[in-house]
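# everything below, folded, please.
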Amino acid sequence: MYRQPSLEKSSSFFQNLISKGECRMRKTYLVSLLVILSAILQAIAQVDVPRQALAITYPQGETVKVLFRGTTRFPRMSGEATIKRTARNTTEIDLSVSKMPRPFELGAGYTTYVLWAISPDGTINNLGEIKRRGTFEFDSKIKVTTPLQTFALIVTAEPHFLVRRPSRAVMLENIAATTRSGKVVQTTQTVNYFGNTSDYFFDARAPEIAESDYAKTPPTILQARQAVVLAKFAGATREAQEELQEAEDLLRKAEDAWRAGRDEGEVEIIARQAIGAAVKAESIALARTEARKIRDEKIRTESEIRQAEEKYAEAQNEIKLLKEELARERKFREFSERDVENLNRQIKILQEENARLRQEISSLRKEVEDAKAKLARVEGEKEALERQREKEQKLARLKESAPSFMQSLKPFGNVRQTERGIVLTLPESYFENIRSTLFTKQAETRLINLATILANNPDYKIVIESHTDSKGVPGELLNLTQARAGLVAQKLAEGGVEAGRIEAKGFGASVPVAPNDTNLNRAKNRRIEIILIPNL
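Numbers count the residues shown, from 1 in each chain. Predicted coordinates for the structure are as follows:
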């Protein structure tokens, strides 16, 4: 008996379809949000881990003595500073360092030392360069001022004196402070700061400084070279071409002035100008690179937003189509329930059929894989049998032809069959004398004839082994036999034997066939054996 379909059930079914479309739209926005969050987290993950230093608060009008601690690698290195906070709101620093190592000993990229002041909020100030004195372990002094009253002091090795952040190579840092009046000097244990995390010092492009260059080249030129390479490392070749060219021109001018023997002060001024120009090129390159990254990230984000908007529009259009479909379905609501029931039955039948087909496909795939494996195994066995059969046929042919082949070799020397193969021993008369590497005229003709026979028998690998007696220096005897073996190999190759078939060895007197105690036995030991090995 026919039942009238329920309008509420039909409407509920299509409302669910609409909700699915809206759900897809929300997922699109969620994906875009996750992409942006991922980029932010990645940027945060790349932030440098802060370093720590000991900051000291200097009382006004008091002269404070501060000691500096060096590294375990250079235990002789030390430092001591006299520091005074003046009434003019400046702090005077008079630092003396001793037993400072040559900067290049720390690795590629280091040419000088720089003194830094670090404020409690992590602000870093380059106070100036600690100039070297001499070409070996040196002592030096530096007098500077800073407006800071509370700060930490560190000394680092750097590529040049105008660097903006301290490198990882911390050489000295302040550790203790005392006043002449005995007042307690306040310290801050955890002053955090961020240094230079560039990979430049581990990069192959960082110039190595040879000891001779360090000793002869002015320090400012060494620093200028590093500054130019640092600018290139930062991308100035692409992002700051004019500024980089200016720095390179100034460096070249300083180098020319130095080599021409110009005044040291003039050379230093030009070199410092080159460093300044290179730092400018490096800063511009870094800024432009960062701007490019931001611009590219903006373009990428805008593209993702456009894609999200397009997907939103698609979802809206899909909702519209679904609503239209719902309106059409309402016109035929009397058939909707029956259609749904039929559809559910068909889906169930199809699901069962799909499950059965998946099982059959799985079984068929296994059978195919087994058949492929079996076929590959049979093919491999067939190929192995075929190779073995060809090898045996070839060996049989060689054994059959061996007597006639050996007979053809007898005019050239003694021929015998061994486990290694056919061995042809050439008499000593092939050479002009017992220590000569020159063939007789008759020997050259015979070797050419021998080469013709060997070339016509390509199924043999040719091993030439040269030996001699023990009279003489072992090293010279070895060189003699190696030269003789090489000459025979060369002559056979000239006669038409393929060079790839020939292997020449010299053994000196290490493999005698008779004791080297008589002239006759020594003559036996002076021999060249040509071993013909079947090439299967």
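# burial measure for I56, as a count.
I56 is flanked by 21 other residues according to other C-beta atoms under 10 Å. The way it works is simple: take the backbone N, C-alpha and C, and place the C-beta from them, glycine included.
# correct me if wrong: it contacts T187.
Yes: between I56 and T187 there is a contact under C-beta atoms under 8 Å: 5.3 Å.
# which residues are common contacts for the two?
Counting by C-beta atoms under 8 Å, 6 or more residues apart in numbering, the contacts common to I56 and T187 are A177.
# for this protein, longest helix please?
If you go by DSSP state H, the chain has its longest helix at helix 333-409.
# name the helices or strands packed onto that one?
Helix 333-409 sits against helix 7-45, strand 414-417, strand 422-426, helix 441-455, strand 527-534, with contacts defined as 3 or more C-beta pairs under 8 Å, 6 or more residues apart in numbering; DSSP states H and E.
# roughly how far apart are I142 and F74?
According to C-beta to C-beta, to the nearest Å, I142 stands 18 Å off from F74.
# just give me how far stretch 484-503 sits from the chain centre.
The chain centroid and the centroid of stretch 484-503 are separated by 43 Å, computed with C-alpha atoms, centre = their mean, to the nearest Å.
# give me the contacts around it.
Stretch 484-503 has contacts (C-beta under 8 Å, 6+ apart) with 426, 431, 437, 439, 444, 447-452, 454-455, 458, 460-466, 504-506, 528, 530, 535.
# just stretch 239-258 next, same as before
Residues outside stretch 239-258 that contact it (C-beta under 8 Å, 6+ apart): 217-218, 220-221, 224-225, 227-228, 231-232, 236-237, 266-267, 270-271, 273-274, 277-278, 280-282, 284-285, 288-289, 292.
# gap between that stretch and the chain center?
The answer for stretch 239-258 is 30 Å, by C-alpha atoms, centre = their mean.
# can you check stretch 522-532 too?
Remark: stretch 522-532 is offset 52 Å from the chain centroid, using C-alpha atoms, centre = their mean.
# in that stretch, what's buried?
522, 524-532 (16 or more other C-beta atoms under 10 Å).
# show me how this structure divides into domains.
As assigned by automatic domain parsing, the chain contains the domains 51-201, 205-291, 339-401, 413-534.
# Serialize those to CSV and add fields for distance to L326.
Shown next, in CSV, are those (distance: least, C-beta to C-beta, whole Å):
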stretch, distance to L326
domain 51-201, 60
domain 205-291, 52
domain 339-401, 14
domain 413-534, 82
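# including mean pLDDT and distance to E297, could those domains go into TSV?
TSV is the format used below for those (pLDDT from 0 to 100; distance: least, C-beta to C-beta, whole Å):
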stretch	mean pLDDT	distance to E297
domain 51-201	88	21
domain 205-291	87	10
domain 339-401	84	45
domain 413-534	93	59
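# helices or strands next to the helix or strand containing E314 in the packing?
Element membership for E314 (DSSP states H and E) is helix 264-331. With contacts defined as 3+ C-beta pairs under 8 Å, 6+ apart, helix 264-331 has these neighbours: helix 7-45, helix 219-233, helix 236-239, helix 241-259.
# can you tell me what sits against the second one?
Identification of contacts with helix 219-233 by C-beta under 8 Å, 6+ apart yields 109, 111-112, 131-132, 159-162, 198, 200, 203, 205-207, 209, 213-214, 240, 243-244, 247-248, 250-251, 254-255, 258, 267-268, 271-272, 274-275, 278-279, 281-282, 285.
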